[in-house]
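Colleague: Below is the sequence, then the predicted model.
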Amino acid sequence: MKRPILISGIALILIASVLNAQETINWEKVTDHAGWEPRDSQGELVYKNRLWIFGGWFNSYKPCPRDVWNSDDGKNWKLVQKKAGWKHSDLAMTLVFKDKMWLMGGWYNGRLPDHSSSNEVWSSTDGVKWEQVTSNAGWTPRLAAGAVVFKNKMWILGGIEDYYFGDEKSLKNDVWYTSDGKEWEQATGSAGWSPRAYHQAVVFNDKIWVFGGGNYVPNHITFNDVWCSDDGIHWEEVTSSAPWSPRLWFSSVVYRDRMFVLGGWSKSHDNFGDVWYSKDGSEWTELKSEVIWKSRHEHSTFVFQDKIWVAGGFPRPLLSNEVWSLEIPPNWFGDD
């Protein structure tokens, strides 16, 4: 007969302490001050084994920056281009596609008299020279749309045509795609999700996912719904209310076979400093850390060198040029 295994109280405490240690994953501050001026709403991507930052926002009464920076370690940054060809760099959509960097749409000049939105499409292989692929894409000029690469095409999802001065008609829920950046086709003029901007879109498990967002002015609207599609035309609502609070201006990445939501803002809450993850878009878990970046919105988030990175944004009272990173061990979740 097998005897029962008795575990002492001390052993139980040790086991519990190990489990608790595994439960806390902390962020590391890579630098307090990156080379670029503090900002938010910048474009961001990973290209040729470097982090890249494009343009962004300093304040609503100052022209958008047009600089381009990169870094191979997140700490040391190089100015690649001081004044790129594009100018609509506030809440533009940025992607890597066909071994090029792309910048599309965006807003220019904040609340200044000559403000405008864009449907220009630009590409570059080095960040120095930028080619205007088209001055007039098929979709209407807009900013703050979702943007993904899916089925070997670039996709634009929703967004808003007028940042500070529009109305509900400025919000979009159309979906467009292209194989070359120049010729665009409309997948649908009205997706299942309601018109919105300042949301996020990712590709995960062979589907496009759209979540959160809403509108800033004149009517403040925030969502925490989650939608997915395997063709960009037909959309399924996975949940109408995720456990993370409705928000604008947040970020999202796919990492460790999960979708992540990070930070953001809402009128009722101000900035968020939370991180959530999900494997199915329906069930979400908050990733709590004892050391983490200050609550902020419109920050850049990347997956680079097998880590999640957060850079810049607006943590209040001042814009930031901090860079943080987080590495989650591959088997940390216990089901990999």
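Modeller: Structure received. Everything numeric in this text was worked out from a predicted model, so none of it was measured. Residues are numbered from 1 along each chain as shown.

Colleague: check contacts around residue 201.
Modeller: Under the criterion of Cβ atoms under 8 Å, 6 or more residues apart in numbering, the contact list for residue 201 reads 146, 147, 148, 155, 157, 208, 209, 210, 211, 252. For the C-beta atoms, the positions are set from N, CA and C on the backbone; glycine is no exception.

Colleague: try it again with 10 Å
Modeller: Residue 201 makes contacts with 93, 145-148, 150, 155-158, 175, 208-213, 227, 252, as judged by Cβ atoms under 10 Å, 6 or more residues apart in numbering.

Colleague: can you tell me which of those residues are in strands?
Modeller: Counted as lying in strands by DSSP state E, out of the contacts of residue 201, are 93, 146-148, 150, 155-158, 175, 208-211, 227, 252.

Colleague: thought residue 276 was touching residue 244?
Modeller: Yes. Proximity of residue 276 to residue 244 meets the contact threshold set by Cβ atoms under 10 Å, at 4.6 Å.

Colleague: Mind listing the shared neighbours of the two?
Modeller: When contacts are counted by Cβ under 10 Å, 6+ apart, residue 276 and residue 244 are jointly contacted by 224, 250, 261, 262, 284, 286.

Colleague: tell me which element the closest residue to residue 108 other than its chain neighbours falls in.
Modeller: The shortest distance from residue 108 to any residue that is not its chain neighbour, by Cβ to Cβ, 6 or more residues apart in numbering, is 4.4 Å, and that residue is residue 88. In the assignment (DSSP states H and E), residue 88 maps to no helix and no strand.

Colleague: Would you mind measuring from residue 88 to residue 244?
Modeller: Here the criterion is Cβ to Cβ, to the nearest Å. By it, residue 88 lies 30 Å from residue 244.

Colleague: cool, and residue 168?
Modeller: Spatial separation of residue 168 from residue 244 under the definition Cβ to Cβ is 25 Å.

Colleague: got it, and residue 119?
Modeller: Separation of residue 119 from residue 244 (Cβ to Cβ): 31 Å.

Colleague: What of residue 158?
Modeller: 19 Å.

Colleague: So if I had to pick from these two, which one is more boxed in?
Modeller: Neighbour totals were compared for residue 158 and residue 244, and residue 158 leads with 25 against 21 (other Cβ atoms under 10 Å).

Colleague: From what I see, the more buried one and residue 191 are in contact.
Modeller: Yes. With contact taken as Cβ under 10 Å, residue 158 and residue 191 are classed as touching, separated by 7.4 Å.

Colleague: How about residue 304, nearest residue that isn't a chain neighbour?
Modeller: With Cβ to Cβ, 6+ apart as the measure, residue 46 is the residue that lies nearest to residue 304, at 5.1 Å, once sequence neighbours are left out.

Colleague: pLDDT value on the one you found, please?
Modeller: On pLDDT, residue 46 comes in at 98.

Colleague: And for residue 8?
Modeller: At residue 8 the predicted local distance difference test score is 52.

Colleague: what does residue 200 give?
Modeller: Listed pLDDT for residue 200 reads 98.

Colleague: Reformat the shared contacts of residue 276 and residue 244 as JSON lines; add distance to residue 124, pLDDT and secondary structure.
Modeller: Below are those laid out as JSON lines (distance: Cβ to Cβ, whole Å; pLDDT from 0 to 100; DSSP: H, G, I helix; E, B strand; the rest coil):
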{"residue": "224", "distance to residue 124": "35", "pLDDT": "98", "secondary structure": "coil"}
{"residue": "250", "distance to residue 124": "27", "pLDDT": "98", "secondary structure": "coil"}
{"residue": "261", "distance to residue 124": "29", "pLDDT": "98", "secondary structure": "strand"}
{"residue": "262", "distance to residue 124": "27", "pLDDT": "98", "secondary structure": "strand"}
{"residue": "284", "distance to residue 124": "36", "pLDDT": "98", "secondary structure": "coil"}
{"residue": "286", "distance to residue 124": "38", "pLDDT": "97", "secondary structure": "strand"}
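
Colleague: could you flag which of the residues you listed are buried?
Modeller: With burial judged by 16 or more other Cβ atoms under 10 Å, the buried subset of these is 224, 250, 261, 262, 284.

Colleague: between the shared contacts of residue 276 and residue 244, which is nearest residue 324?
Modeller: residue 262 (10.3 Å; Cβ to Cβ).

Colleague: Hmm, that closest one is touching residue 308, no?
Modeller: Yes. Shown here, residue 262 and residue 308 form a contact pair, counting by Cβ under 10 Å, at 7.8 Å.
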